[in-house]
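Student: Provided below are the primary sequence and the corresponding predicted coordinates.
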Amino acid sequence: MKYKILVVEDDKDIAEVIRLYLGNEGYEIITAQDGLSGYEILQKEDIHLAVVDIMLPKMNGYDLVKKTRENSNVPILILSAKNMDSDKILGLDLGADDYLTKPFNPLELVARVKSNIRRYYSMGNAQTEADISNRKWQVGELVLDEDAVTLTKAGEVVAITPTEYKMLALFMKTPGKVYTKKQIYQEVSGECYVNDDNTLMVHISNLRDKIEDNPRTPKYIKNVRGIGYKIEKI
């Protein structure tokens, strides 16, 4: 299968570098120079992953991610010169799966694109019915249905991103087991980067906001100080 990557970047030189490096890996590349055009492409084309800048004309990257998440779980990697933790947290909060700052190493970008593609399309989030056999995992009021690829709480569907889905699947299949931060990232993506620690904590925080009655006193996802995270047996 030839994956189609959308690159939304108004700097033509950067867009060309990304196109060359990802194209050499066999991906089909579509580019857009403003957020509105990028959003329209996402609505019309069968895009498998989007690389999105933040500072874009017509529609900024944050708004693009937010609007896309209203009807799509396509993996989104933000690539931006905005390198403050608050910028990264906002991007991930809005639904991005990954965040890489400029200046960037094109080889790391390629690795992250491969990681997100594999995580979403090869590890279950886009499997066909023939690949899955009606597996459901329940912890308390939470039910993760791997056949429908959905999470429900007390019967109500909870909207989560592909990355959050993979993390929760890891926890819910082995309730009570503690995973280190490195193990979590390696299990869901195959790689662990030096700057992934803050990204992981944002994903955990977002999951708590979505599944906990009170995120400040979580019932499900617990932090094991100095080690990592687990989901409680309930």
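Tutor: Yep, it's here.
Student: tell me which helix or strand the nearest residue to residue 100 once chain neighbours are set aside sits in.
Tutor: Nearest residue to residue 100 in three dimensions, chain neighbours excluded: residue 79, at 5.2 Å (C-beta to C-beta, 6 or more residues apart in numbering). For every residue, glycine as well, the C-beta is placed using N, CA and C. In the assignment (DSSP states H and E), residue 79 maps to strand 76-80.
Student: pairing partners for that strand, with directions?
Tutor: Strand pairing for strand 76-80, determined by DSSP bridges: strand 49-52 (parallel), strand 98-101 (parallel).
Student: quick one: contacts of that strand?
Tutor: Outside strand 76-80, the residues within contact range by C-beta atoms under 8 Å, 6 or more residues apart in numbering are 9, 18, 49-55, 61, 65, 68, 87, 91, 95-102, 104, 109, 112-113, 116.
Student: among the residues you listed, name the ones in helices.
Tutor: Secondary structure from DSSP state H places 18, 61, 65, 68, 87, 91, 109, 112-113, 116 of the contacts of strand 76-80 in helices.
Student: burial count for the closest residue to residue 135 other than its chain neighbours?
Tutor: Excluding its sequence neighbours, the residue lying closest to residue 135 (C-beta to C-beta, 6+ apart) is residue 146, at 4.2 Å. Residue 146 has 20 neighbours, counted by other C-beta atoms under 10 Å.
Student: need phi/psi at residue 146.
Tutor: Torsion angles at residue 146 (phi, psi; degrees, to the nearest 10) stand at phi -80, psi -10.
Student: could you export stretch 203-214 as CSV, CA atoms only?
Tutor: This file holds the C-alpha atoms of stretch 203-214, laid out as CSV (Å, rounded to 0.1, in the frame of the first residue of the first chain):
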residue,chain,number,x,y,z
HIS,A,203,-1.2,12.4,26.2
ILE,A,204,-1.8,10.9,29.7
SER,A,205,-3.3,14.2,30.9
ASN,A,206,-5.6,14.3,27.9
LEU,A,207,-6.7,10.7,28.5
ARG,A,208,-7.5,11.5,32.1
ASP,A,209,-9.6,14.5,31.0
LYS,A,210,-11.6,12.2,28.8
ILE,A,211,-12.1,9.1,31.0
GLU,A,212,-11.9,10.2,34.6
ASP,A,213,-14.7,11.7,36.7
ASN,A,214,-12.1,13.9,38.3
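Student: report the buried residues of it.
Tutor: Residues 203-208, 210-211 are the ones in stretch 203-214 that count as buried (16 or more other C-beta atoms under 10 Å).
Student: likewise stretch 85-105?
Tutor: Across stretch 85-105, burial judged by 16+ other C-beta under 10 Å covers 87-100, 104.
Student: what's the end-to-end length of that stretch?
Tutor: Stretch 85-105 has an end-to-end distance of 19 Å (criterion: C-alpha to C-alpha, to the nearest Å).
Student: where does pLDDT dip in the chain?
Tutor: The model of the chain has pLDDT under 70 over residues 1, 122-134, 188-197.
Student: all strands for it, in order.
Tutor: For the chain, the strands defined by DSSP state E cover 4-8, 28-32, 49-52, 76-80, 98-101, 136-139, 142-145, 150-153, 156-158, 179-180, 221-224, 228-231.
Student: out of the ones in helices among the contacts of strand 76-80, which is nearest to residue 179?
Tutor: Nearest to residue 179 among those, counting by C-beta to C-beta, is residue 116 at 19.7 Å.
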